[in-house]
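> Starting from these lines, generate the structure:
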Amino acid sequence: MEFGIYDIFISLGTCLLLIALLAPVAVRAGLEDKPNERKHHNGHIPLIGGIAIFLTILAVLFLQPDYNLNAEIISYLAAAGLLVAVGAVDDRYHLNVKLRMLIEAIAASIMVFGADQWVGNLGNLLSVGELHMPFWVAYPFTLVAVFGIINAFNMIDGIDGLSGSLALVTITAILVFTNVSPLVNLLAPIILGGLIAFLLCNLQLLRFMPKIFLGDAGSKLIGLTIVWFVISITTGDSRNNLNSIAPVTALYLVGLPLFDMVATTLNRRRRGVSPFEPDRSHIHHILLDSGFGARAALLVILALSVLLALLGILLNKSGVPEVIQFAAFFALYLAYSALTRRALKIEQASTTEQYQ
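Below you'll find the model as predicted:
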C-alpha cells in the first residue's frame, strides 16, 4: 500500500472548509432535505456532501505538483462530475427515474470508452477456465454492473453515516489488501479524506460544523467511484497484468449494499410495487423497527460489511476455487434474504396486533 497519507489529511481539511462554505449557499438555494412522513430528522439539512467531496477531489488533484492529467483521470472526473451535477439537480427538483438511469448509463459509457475500463472477464466461475466476454456482451454487462453498484449505495443511504461508512470500509479494504491501480492509488486517499470529513459533519462529531447529508449527488459519486475502483483491480486492469483479486472477490467488497438492494427490490416486486417505491424493508429500517438505535444499527451493519469483505479477501488469498467463492457468496445472500424477510414478517405481525 503505497500512497501519500498526507493526501488524506489535506483532503480532510479541504473538504471541511468546503462544507463550511457550501452549507449556507445550499440553504439559500433550497438544496436541503426537509422532514416529512418518512424522514424524521430535525430541521432542514444541506444536501452538499457529494458536491463537497467532488470539489475536494478537484482541488487536491490540481494542487499536486506532479499531477498528470491522463485519459483515465479525465474520464473519471467527467463521469463523476456529470453524476454529481445531475444528482444535485435531482436533490433540488426530483428528476424522472428514466432520466436518472440515462445519465448513469452515460457515465458508465464514459468509463468504458474514455478510460478503457469494463467488465470483460468473470474469472473461473465454473472451473472450466476464464470466462471472457466479447465486447458486445461486456458493454451492456458493465452498464448493469455500474447501475447496480451506484443504486446499491444510493438505496442503502437511509440513516446517518451509513452509505459513507460502507464506502469507507470498501475503499480501505481495496487499499490494504489489493495491488491497486495507479488511478486508485491517486484518488483513494483523497476520497477517504473527503468521506471522513463528511462523516464528521453528518454524524455531528464536530459540533462546530453544520450537519449535512450526501444527497443523491453524493451517493451516486460514491457508487461510481467504488465500481470504477473494483473494475480497475479485477477485470479492468487484467489486460495490463495488474489483476489483484478474482472478480468474484469484488462481490464481497460491496456485498452488503448489494444484498440490501437485491433483497429490497425483490421484496417490492413480490408486493407488486415499483422497485423505486420507498418502503421500510432496508436492513437499517429492519434494525430500527426492531428496537436498535440509529448508531447501534450503523455499527451492526458496518460490522457485517467488514466481516463480509474480510471473508472475501481471505477466500481469495487462500486460493479457494472461484466457483466455491461464488457459491458461498450466493449462500450468504440467501441467508440474508431469509433472515430479513422473517424479520419483516415478525415486525408486520407485531404492528398488526397493535392496531387490533
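
> Neighbours of residue 309, how many?
Using other CB atoms under 10 Å, residue 309 has 24 other residues around it. C-beta coordinates here come from the backbone N, C-alpha and C atoms, glycine included.

> and the gap between the closest residue in space to it that isn't next to it in sequence and residue 313?
Nearest non-adjacent residue to residue 309, counting by CB to CB, 6 or more residues apart in numbering: residue 173, 4.5 Å away. Per CB to CB, to the nearest Å, residue 173 is found 7 Å from residue 313.

> Give me the mean pLDDT for the longest helix along the chain.
Once the chain is assigned using DSSP state H, the helix that runs over the most residues is helix 322-354. Regarding helix 322-354, the rounded mean pLDDT is 83.

> Which parts of this structure are strands?
When assigned using DSSP state E, the strands of the chain occupy the ranges 32-33, 45-46.

> Can you pull out the low-pLDDT segments for this structure?
1-4, 35-43, 65-67, 235-244, 276, 347-356 (pLDDT under 70).

> tell me the contacts of the nearest residue to residue 29 once chain neighbours are set aside?
In this structure, residue 29 finds its nearest non-sequential neighbour in residue 92, 7.3 Å apart by CB to CB, 6+ apart. Residues near residue 92 by CB atoms under 8 Å, 6 or more residues apart in numbering: 29-31, 47.

> which one among the residues you listed gets closest to residue 326?
Within those, the smallest distance to residue 326 is 37.4 Å, found for residue 47 (CB to CB).

> nearest residue to that closest one other than its sequence neighbours?
Residue 47's closest residue in space is residue 215 (CB to CB, 6+ apart), at 3.3 Å.

> and the one you found, how many neighbours does it have?
28.

> Compute the distance between it and residue 266, please.
Residue 215 sits 27 Å away from residue 266, going by CB to CB.

> Distance from the longest helix of the chain to the middle of the chain?
From the chain centre to the centre of helix 322-354 is a distance of 21 Å (CA atoms, centre = their mean, to the nearest Å).

> likewise stretch 213-228?
In terms of CA atoms, centre = their mean, the centre of stretch 213-228 is found 6 Å from the chain centre.

> And stretch 134-153, by the same measure?
From the chain centre to the centre of stretch 134-153 is a distance of 14 Å (CA atoms, centre = their mean).

> how about it: buried residues?
The neighbour-count check on stretch 134-153 (16 or more other CB atoms under 10 Å) flags 138-139, 142-143, 145-153 as buried.

> Let me know the closest of the residues you listed to residue 184.
Closest approach to residue 184 among the buried residues of stretch 134-153 (CB to CB): residue 149, at 15.2 Å.
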